[in-house]
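Q: Predicted structure and sequence below. I'll ask about it afterward.
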Amino acid sequence: MLADNTPHDLGIWPSPAEILQADFPEWHISRELDGAGRHGKWTAQHSNDRDRVHRALDIPTLRTYLEKDAARRAAPRDQPAPRHSAGSCPDS
């Protein structure tokens, strides 16, 4: 039994996924499950554009994809948005 309900007794709190969700509230962060119920890739799906989906094996990589997505959207229209080279984001 836990001595008290402080965060150090309950493990990591908030989790990296919860922090990512708080930092990107317009995205729904979740984890895929395979047919056997094992954890798969982390996913981020934009709440206003269901076709905007990013997938990654871990939260730091998913954060990178969301930051790049935000940078592309914020780029001035008269300048080309920064792009990654083919194969540099295999999980996105």
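A: Everything's here; your move. Residues are numbered from 1 along each chain as shown.

Q: From now on I want contacts and neighbour counts done on CA atoms only, so please keep to that.
A: Noted.

Q: So Gln21 sits against Trp42, correct?
A: No: counting by C-alpha atoms under 8 Å, Gln21 does not reach Trp42; the two are 11.8 Å apart.

Q: okay, and the common contacts of those two?
A: Residues within reach of Gln21 and of Trp42 at once, by C-alpha atoms under 8 Å, 6 or more residues apart in numbering, are Ile29.

Q: Distance-wise, check the nearest residue to Glu26 once chain neighbours are set aside relative to Glu67.
A: Spatial nearest neighbour of Glu26, excluding adjacent residues (C-alpha to C-alpha, 6 or more residues apart in numbering): Ser47 at 5.6 Å. Separation of Ser47 from Glu67 (C-alpha to C-alpha, to the nearest Å) stands at 16 Å.

Q: how about the helices of the protein, start to end?
A: With DSSP state H as the criterion, the chain has helices at 7-10, 16-23, 59-74.

Q: I'd like those helices as CSV, with distance to Arg52 and mean neighbour count appended.
A: Below are those laid out as CSV (distance: least, C-alpha to C-alpha, whole Å; neighbours: other C-alpha atoms under 10 Å):
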stretch, distance to Arg52, mean neighbour count
helix 7-10, 34, 10
helix 16-23, 16, 15
helix 59-74, 9, 16
